[in-house]
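**Q** The following comprises the amino acid sequence and a computationally predicted model.
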Amino acid sequence: MKRKLIAGNWKMNGSLAANQALLQAITVGLGAPAACQVAVCVPAAYLAQIQLLLKDSAIDLGAQDVSTHQAGAFTGETSSAMLKEFGVRYCLVGHSERRQYHAETDAVVAFKAQRALADGITPIVCVGETLAEREAGRTEEVVKRQLAAVIHTNGHCISEIVVAYEPVWAIGTGKTASAEQAQAVHAVLRAQLKAATEHSDRIHILYGGSMNAANAAQLLAQPDIDGGLVGGASLKAADFLSIIAAAL
Ligand code: PGA
């Protein structure tokens, strides 16, 4: 059975001093190698600092976005080759905040996943419905459409991705999907991946959206929840460590 994956999403938070203190507390707290995989997805400006801080640890480095382009006149963008130079193993693509505030379409998200894969970086593809979509009974249709674009563009490489189901209404709101609600969507995504590749078993499907120390164990006990993508609670060492402990 694959080990669970707990990935922190720091979003646009941190400072040189705060990053150092947070990672020190997490590494000390982790102690012996954790039974699950752990990663932190950090702001691009801190990749160099955090690569150094994680040098002797079992925690993997992640980024939060990647350009669809390889190089050139794309001011403000970061290429997958640049991320690779800093030892980045994971990269979030299609986070709902990128879809919402930067108008990222399903096609753009699919190309970002493709760029990451081309440079040996594992894209963590985020999918999830808004509250209005859930209330309209469209959850399944929306997440399947979002994942289908990535499957279509990435062909047999699809077994190399990580998927994160993040209901938009649960992100940063303190409202978590119930374990049953999350499991139901994860089962849909699992079936879709199974139809796309014979290696679907190796794909992690993470849950994200107000995961915390109190609700992590129940969510992570679901058969199709292979880990968590953790925002707010990943900025507090004690909370992040409790979630990691719940993933054993
Ligand atoms: P949250 O964020 O845990 O703060 O809800 C999760 C995410 O956006 O990845």
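**A** It's in.

**Q** wait, what's in contact with residue 242?
**A** 213, 216 (CB atoms under 8 Å, 6 or more residues apart in numbering). Heads up, the C-betas are built off the backbone N, CA and C, glycines and all.

**Q** switch to numbering from 590
**A** Fine by me, first position is 590 from now on; the one you just mentioned is residue 831.

**Q** for the helix or strand hosting it, which positions count as buried?
**A** Element membership for residue 831 (DSSP states H and E) is helix 826-835. Within helix 826-835, the residues that count as buried by 16 or more other CB atoms under 10 Å are 826, 828-835.

**Q** Likewise for stretch 733-752?
**A** Neighbour counts over stretch 733-752 (16+ other CB under 10 Å) mark 733, 735-736, 738-740, 742-743, 746-747, 749-752 as buried.

**Q** shouldn't residue 771 be in contact with residue 808?
**A** Yes - using CB atoms under 8 Å, residue 771 and residue 808 qualify as a contacting pair, with a distance of 5.9 Å.

**Q** Report the set of residues contacting both of the two.
**A** A shared contact of residue 771 and residue 808, defined by CB under 8 Å, 6+ apart, is any residue touching both; here these are 796, 814.

**Q** which residues of the protein fall in helices?
**A** Read by DSSP state H, the chain holds these helices, from start to end of the chain: 605-619, 636-642, 669-674, 685-690, 695-707, 720-724, 728-743, 768-785, 805-809, 826-835.

**Q** what's the fifth one in contact with?
**A** Here helix 695-707 makes contact (CB under 8 Å, 6+ apart) with 654-659, 668-669, 672, 680, 682-683, 688, 693, 711-712, 714, 734-735, 737-739, 741-743, 746, 749-750.

**Q** now swap in the fourth one and tell me
**A** Helix 685-690 has contacts (CB under 8 Å, 6+ apart) with 600, 654, 693-694, 698, 715, 717, 755, 757, 760.

**Q** and with 6 Å instead?
**A** 693, 717, 757 (CB atoms under 6 Å, 6 or more residues apart in numbering).

**Q** Is any residue of that helix near the ligand?
**A** No - against the ligand, helix 685-690 shows no contacts by CB under 6 Å from any ligand atom, the least distance being 6.8 Å.

**Q** what's the spacing between that helix and its chain's center?
**A** When distances are taken as CA atoms, centre = their mean, to the nearest Å, helix 685-690 is centred 14 Å away from the chain's centroid.

**Q** Likewise for the last one?
**A** Helix 826-835 has its C-alpha centroid displaced from the chain centroid by 16 Å (CA atoms, centre = their mean).

**Q** related to what we said a few turns ago, what about the ligand: which of the contacts of helix 685-690 touch it?
**A** Okay, of the contacts of helix 685-690, nothing touches the ligand (CB under 6 Å from any ligand atom).

**Q** pretty sure residue 713 contacts residue 751?
**A** Yes - here residue 713 lies in contact with residue 751, judged by CB atoms under 6 Å, at a distance of 4.5 Å.

**Q** Kindly provide the distance from the residue most central in space within the chain to the ligand.
**A** In the chain, the centroid-proximal residue (CA atoms, centre = their mean) is residue 713; its distance is 4.4 Å. When CB to the nearest ligand atom, to the nearest Å is applied, the distance between residue 713 and the ligand equals 9 Å.
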